[in-house]
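Participant: compute the structure for the input listed below.
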Amino acid sequence: MGRNRRLRKGIRSLQDRIREHEDFIAKEKGRFNPDTGLISHWDKEIKMVAEIERKRRRLPGRNKNVRN
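Facilitator: Okay, the predicted model is just below:
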């Protein structure tokens, strides 16, 4: 598997986990007595967006500082 394909696969995987955690947070907030510790944990994991952006910058044609 090429480098670009691995990076794109990693990005998709992280995006799926973020959506999953957003669903967990929404369900927990809808409960009568939400567990703020769980919500905080899932919120921290959602911050994986920074990792997605880092991987996107490594893709060819995505770095605006490099001229082709």
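
Participant: how far does the worst-scoring helix or strand of the chain on mean pLDDT sit from the chain's center?
Facilitator: Counting by mean pLDDT, DSSP states H and E, the weakest-scoring helix or strand in the chain turns out to be helix 49-58, with a mean of 76. The chain centroid and the centroid of helix 49-58 are separated by 9 Å under C-alpha atoms, centre = their mean, to the nearest Å.

Participant: counting by contacts, list what it packs against.
Facilitator: Applying 3 or more C-beta pairs under 8 Å, 6 or more residues apart in numbering; DSSP states H and E, one finds that helix 49-58 contacts helix 3-29. C-betas here are computed from N, CA, C, even on glycine.

Participant: so how far is the helix it packs on from its chain's centroid?
Facilitator: For helix 3-29, the distance to the chain centre is 5 Å (C-alpha atoms, centre = their mean).

Participant: pLDDT of that helix, averaged?
Facilitator: Averaging pLDDT along helix 3-29 gives 87.

Participant: for that helix, name the packing helices and strands.
Facilitator: Checked by 3+ C-beta pairs under 8 Å, 6+ apart, helix 3-29 has helix 36-46, helix 49-58 packed alongside it.

Participant: mind checking which of these is nearest Arg3?
Facilitator: Among the helices and strands packed on helix 3-29, helix 49-58 comes nearest to Arg3, with 8.3 Å by C-beta to C-beta.

Participant: which residues belonging to the closest one are considered buried?
Facilitator: If you call a residue buried by 16 or more other C-beta atoms under 10 Å, then helix 49-58 has these buried ones: 52, 55.

Participant: just the CA trace of it, in CSV.
Facilitator: Taking C-alpha atoms only, helix 49-58 is exported to CSV below (Å, rounded to 0.1, in the frame of the first residue of the first chain):
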residue,chain,number,x,y,z
VAL,A,49,-8.9,16.5,14.4
ALA,A,50,-5.5,18.0,14.8
GLU,A,51,-4.1,14.6,13.8
ILE,A,52,-6.3,14.5,10.7
GLU,A,53,-5.1,17.9,9.7
ARG,A,54,-1.5,16.9,10.2
LYS,A,55,-1.9,13.9,8.0
ARG,A,56,-3.7,16.0,5.3
ARG,A,57,-0.8,18.4,5.2
ARG,A,58,1.5,15.5,4.3
